[in-house]
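>>> after the sequence you'll find the predicted model.
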Amino acid sequence: IYEEVMQAVNDKYGHFFIDGPAGTGKTFLYNTLLATIRLHGDIAIAVASSGIAALLLSGGRTAHSRFKIPLKIDEFSTCNISR
């Protein structure tokens, strides 16, 4: 997988998606890719959906934080969770 992603980066495809069950090495792979890309002087932005996930990535931030996506929260804001 590492070689395929690096080939995509080198060919300037720009983005990719990696999925897999827990414990399969996704975080290790992401951090290895980030380090390699940055070592070559290129820009690699680590973005995650949650703060916990972002903490696991080198230089990781949430998408809202990294891209300054506004969250409009007021006294009427709700989160509907159902089964």
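Arrived safely. Residues are numbered from 1 along each chain as shown.
>>> scan this protein for its longest helix.
helix 26-39 (DSSP state H).
>>> and the helix or strand following that helix, what does it pack against?
Using DSSP states H and E, the helix or strand that directly follows helix 26-39 along the chain is strand 47-48. For strand 47-48, the packing partners by 3 or more CB pairs under 8 Å, 6 or more residues apart in numbering; DSSP states H and E come out as strand 61-62, helix 63-66. In this view, the C-beta of every residue, glycine as well, is placed from N, C-alpha and C.
>>> thinking again about what came up before, now for the longest helix of the chain, which elements pack on it?
Packed next to helix 26-39, using 3+ CB pairs under 8 Å, 6+ apart, are helix 2-10.
>>> what's in contact with the helix it packs on?
Outside helix 2-10, the residues that touch it by CB atoms under 8 Å, 6 or more residues apart in numbering are 16, 18, 29, 32, 33, 36, 37, 42.
>>> if you set the cut-off to 10 Å instead, what comes out?
13-16, 18, 25, 28-30, 32-33, 36-37, 40, 42, 44 (CB atoms under 10 Å, 6 or more residues apart in numbering).
>>> out of those residues, which are buried?
30, 33, 37, 44 (16 or more other CB atoms under 10 Å).
>>> against residue 46, how distant is the closest residue to the last one other than its chain neighbours?
This means residue 44. Excluding its sequence neighbours, the residue lying closest to residue 44 (CB to CB, 6 or more residues apart in numbering) is residue 37, at 4.0 Å. According to CB to CB, to the nearest Å, residue 37 stands 10 Å off from residue 46.
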